[in-house]
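Participant: Structure, please.
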Amino acid sequence: MNLTDLEKYFAADYPGPAFELFGTMHLAALGFLLLLNLYLLRFRYKNDQIKRRVRQQLGLLLLVNEIAWHYWSYTVGRWTIQTMLPLQICSLMVWFGALMLFTKSYRIYQYVYFLGIGAGIQALAAPDLGIYGFPHFRFFQTFLSHGLVITSALYMTFVENFRPTWKSVIRVAIWTNIYVIAIYFLNLYLGSNYLNLMAKPATPSLLDYLPDWPMYILYMELLGIATVILLYLPFALKDWYTKFVTTRDSMSRLDRISK
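Facilitator: Model (predicted):
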């Protein structure tokens, strides 16, 4: 492969095949991320030193991938303050995720679990890739960025035994809405559209199925609440079942004593 062949995979105007939603390479990328998460489950039974090393490697990969995206955007003339500040939920969760992995912070974990997984799943289901199909740099960068945010949250959940609580749900909901309000006013100042608060994105997205501005913002809020509840549901059911079993066993012991 000569330099010209290599350069086209980093070109702003990619001459290769465009991204195909749920095409072969889209499904292959999703399959790879699924296998990666299943593979990482094996570290659940490793010692703390190995777990820490895996966290650091995941955190480093997140940072390198994100910095590479900013560098690429700058070199092709796509970096602007209106589009590239790390203010979108997914971009913000990349930095939060890396910090969580390096510090093993439960406080940050709560946000990465709910916001990172919720936003990451949506981004992986309908990536904003346009002309950048496999094997362009943006194809790999996009799936790594969003996929590893989800992986980081799942790793901390299933390997490091972190878990959200009802307090986490309330805390994330309150601070996320405060953040959204702040970003709205920042958008007015910068002339930007972070969090898609000012208009639907120009490229096809899930927002196309929602009403026009500003009503779709309300739907986004409702979808966000539903996503957080769904992500917490497994833990709520586990707590309910544990409480039920404990109560049942306690009552059985009291019955035996009374007899």
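Participant: How about residues contacting stretch 74-83?
Facilitator: With contact meaning Cβ atoms under 8 Å, 6 or more residues apart in numbering, stretch 74-83 is reached by Phe10, Ala11, Ala12, His70, Trp72, Ser73, Met84, Leu190, Gly191, Ser192, Asn193. Quick note: C-beta positions are derived from backbone N, CA and C, even for glycine.
Participant: Of all the residues in that stretch, which ones are buried?
Facilitator: Across stretch 74-83, burial judged by 16 or more other Cβ atoms under 10 Å covers no residue at all.
Participant: cool, and stretch 160-174?
Facilitator: Glu160, Phe162, Arg163, Pro164, Ser168, Val169, Arg171, Val172, Ala173.
Participant: For Ala126, grab phi and psi.
Facilitator: Main-chain torsions, Ala126, degrees, to the nearest 10: phi -140, psi 70.
Participant: can you give me the helices for the stretch 101-250 of the chain?
Facilitator: 106-111, 117-125, 137-158, 166-190, 215-258 (DSSP state H, counting those that start in this stretch).
Participant: so where's this protein shaky on pLDDT?
Facilitator: Filtered on pLDDT under 70, the chain yields the residue ranges 1-4, 204, 249-259.
Participant: thinking again about what came up before, among the contacts of stretch 74-83, which one lies nearest to Gly130?
Facilitator: Ala12 (11.3 Å; Cβ to Cβ).
Participant: who touches the closest one in this structure?
Facilitator: Val76, Gly77, Arg78.
Participant: Nearest approach to Ala28 belongs to which of the helices of the stretch 101-250 of the chain?
Facilitator: Short answer: helix 137-158, nearest of the helices of the stretch 101-250 of the chain by Cβ to Cβ, at 9.7 Å.
Participant: Which other helices and strands does the closest one contact?
Facilitator: Counting by 3 or more Cβ pairs under 8 Å, 6 or more residues apart in numbering; DSSP states H and E, the packing neighbours recorded for helix 137-158 are helix 24-40, helix 48-75, helix 89-103, helix 117-125.
Participant: could you dump these to a markdown table with distance to Met198?
Facilitator: Below are the helices and strands packed on helix 137-158 laid out as a markdown table (distance: least, Cβ to Cβ, whole Å):
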| stretch | distance to Met198 |
| --- | --- |
| helix 24-40 | 29 |
| helix 48-75 | 21 |
| helix 89-103 | 16 |
| helix 117-125 | 18 |
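Participant: okay, these, which one's buried deepest?
Facilitator: helix 89-103 (a mean of 23; mean count of other Cβ atoms under 10 Å).
Participant: Show me what it is in contact with.
Facilitator: Taking Cβ under 8 Å, 6+ apart as the rule, helix 89-103 contacts 55-56, 58-60, 62-63, 65-66, 86, 105, 108-109, 111-112, 115-116, 119-120, 123, 145-146, 148-149, 152-153, 155-156, 195.
Participant: re earlier: Arg248: which of the contacts of Ala12 is nearest?
Facilitator: Looking across the contacts of Ala12 and measuring by Cβ to Cβ, the closest to Arg248 is Arg78, at 60.1 Å.
Participant: Does the closest one belong to a helix, a strand or coil?
Facilitator: coil (DSSP: H, G, I helix; E, B strand; the rest coil).
Participant: can you offset everything so residue one is 176?
Facilitator: Sure, I'll start counting at 176 from here, so that last one is Arg253.
Participant: what's the distance between it and Leu236?
Facilitator: Distance of Arg253 to Leu236, given as Cβ to Cβ, to the nearest Å: 23 Å.
Participant: swap in Ser266?
Facilitator: For Ser266, the distance to Leu236 - Cβ to Cβ - is 16 Å.
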